[in-house]
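Q: okay, here's the prediction I keep looking at, along with the sequence it came from:
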Amino acid sequence: MTMVREAPDLATLQRRAAERAAARAGGADRLRGHIVCDGLVRIFTTEGVEVVALQGLDLVVDRGELVAIVGASGSGKSTVLNILSGLDTPTAGIARVAGFDLLTMSARKRLRYRRHTVGFVWQQTGRNLLPYLTARENVELPMRLAGRGGRAGRRRATELLEMVGVGYCADRRPGQMSGGEQQRCAVAVAVANDPEVLFADEPTGELDEATAAEVFTALRTINAELGVTIVVVTHDHQVASQVRRTVAIRDGRTASEVHRTARVGADGVEELVTEEYAVLDRAGRMQLPAGFVDALALRDRVKLTLEPDHVQVRSGEERGTP
Ligand SMILES: Nc1ncnc2c1ncn2[C@@H]1O[C@H](COP(=O)(O)OP(=O)(O)OP(=O)(O)O)[C@@H](O)[C@H]1O
């Protein structure tokens, strides 16, 4: 029988994640900047042609946060993820995760980083789980490889599968589980060795909306219960309804962020408010959302006016002059 647990609301989960992360970090004052990208550049050269996949990407993710990075095909999502997961090296800039400098770390440190500091969930379920092992054995495997198997490993595997809502699949092989169940099991495998950071690359890419929501519930629960920092990369803008912070990248740069915060309305009822922010880099550059540009038919030049508490952006076209 499938047990359906009432999921706590986003604000409660976020608070719990921050508390657990603070406990892991040794105090709330050490929370900032678990993942830091500053002016990150990645240039690929193929047959003499240079492709600038990342052109000065800035991103800060705090310890214990659950953040989604969204972007269209070709925007640079996979490039960022490959760099953050230690598979690729950036051309320039700063990339730091959990105190590891991803530009300068040695091959040995890189191996340690990939084995112990970060966990992964990939889009293709087949890449996450071994088909001939049961769900529990799949979760136990990384612990056994790290010398932490035995009864304690088995107990932890069972607990993790329950945490992500697939305790009832413990004795099934991947072929006997649905795509969503496999991905939730993959989340349990990824955190088996208690990584500080979990990266998920399009973890719901092959799933329908309802099943995708279950995978996000699993990610939020893991984030809240274990205090793991989680970064999910996806092309699906609907993800903004599943997490509290969504970072949009466009043309290899951080373009905007959507924050969802809980507020208590005048009627005393808590509601979720969504706000979109443009990201300003150190040089003062930002991208206007495409919808704003279209709505006012802005192009080429815009007129900026500094007001006491805001900046106005107007069409630079001269109007009303003969
Ligand atoms: N190894 C490579 N060699 C040359 N160009 C590359 C390489 N990897 C990526 N690129 C280019 O860099 C840009 C960003 O690619 P990236 O794969 O990061 O985008 P993406 O947002 O993940 O896209 P998708 O959602 O389609 O996977 C693209 O223009 C791509 O063609």
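A: Here it is on my side, so go on. Here the structure is a predicted model, which is why all the values come from computation and not from measurement.
Q: from here on, just use CA atoms for contacts and neighbour counts.
A: OK.
Q: okay, now the unreliable bits of the stretch 201-322 of the chain?
A: 282, 318-322 (pLDDT under 70).
Q: relative to Val70, how far out is whichever residue of it sits closest to the ligand?
A: Of all residues in the stretch 201-322 of the chain, the one sitting closest to the ligand is His235 (6.1 Å; Cα to the nearest ligand atom). Noted for His235: a distance of 5 Å to Val70, by Cα to Cα, to the nearest Å.
Q: kindly report the same for Arg144.
A: Arg144 is 35 Å from Val70, by Cα to Cα.
Q: tell me which of the two has more neighbours.
A: Val70 (27 against 15; other Cα atoms under 10 Å).
Q: for the more buried one, give me the pLDDT.
A: At Val70, the model reports a pLDDT of 91.
Q: dump the residue contacts of it.
A: Contacts for Val70 (Cα atoms under 8 Å, 6 or more residues apart in numbering) come out as Lys77, Val233, Thr234, His235, Asp236, His237, Thr246, Val247, Ala248, Ile249.
Q: let's see 10 Å
A: 76-77, 202, 232-240, 246-250, 254, 256-257 (Cα atoms under 10 Å, 6 or more residues apart in numbering).
Q: just the buried subset of these, written out for PyMOL, thanks.
A: A single PyMOL command selects the buried members of the contacts of Val70 (16 or more other Cα atoms under 10 Å):
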select buried, resi 76+77+202+232+233+234+235+239+240+246+247+248+249+250+254+256+257
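Q: so which of the contacts of Val70 are in helices?
A: Lys77 (DSSP state H).
Q: go through the contacts of Val70 and flag which are in strands.
A: Using DSSP state E, the subset of those located in strands is Val232, Val233, Thr234, Thr246, Val247, Ala248, Ile249, Arg250, Thr254, Ser256, Glu257.
Q: now the residues you listed in JSON lines, with distance to Leu133?
A: Conversion of those to JSON lines gives the following (distance: Cα to Cα, whole Å):
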{"residue": "Val232", "distance to Leu133": "26"}
{"residue": "Val233", "distance to Leu133": "27"}
{"residue": "Thr234", "distance to Leu133": "28"}
{"residue": "Thr246", "distance to Leu133": "35"}
{"residue": "Val247", "distance to Leu133": "36"}
{"residue": "Ala248", "distance to Leu133": "37"}
{"residue": "Ile249", "distance to Leu133": "38"}
{"residue": "Arg250", "distance to Leu133": "40"}
{"residue": "Thr254", "distance to Leu133": "40"}
{"residue": "Ser256", "distance to Leu133": "42"}
{"residue": "Glu257", "distance to Leu133": "40"}
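Q: give me the element Thr211 is part of.
A: Element membership for Thr211, per DSSP states H and E: helix 209-226.
Q: residue contacts, the closest residue to Ser315 other than its chain neighbours?
A: Leaving aside its chain neighbours, Ser315 sits nearest to Val302 (4.8 Å; criterion: Cα to Cα, 6 or more residues apart in numbering). Each residue near Val302 by Cα under 10 Å, 6+ apart is listed here: Gln312, Val313, Arg314, Ser315, Gly316, Glu317.
Q: try 8 Å
A: With Cα under 8 Å, 6+ apart, Val302 has these contacts: Val313, Arg314, Ser315, Gly316, Glu317.
Q: what of Val311?
A: Taking Cα under 8 Å, 6+ apart, one finds Leu304, Thr305 in contact with Val311.
Q: for it, list each beta-bridge partner.
A: Assessed by DSSP bridges, Val311 has beta-bridge partners Leu306.
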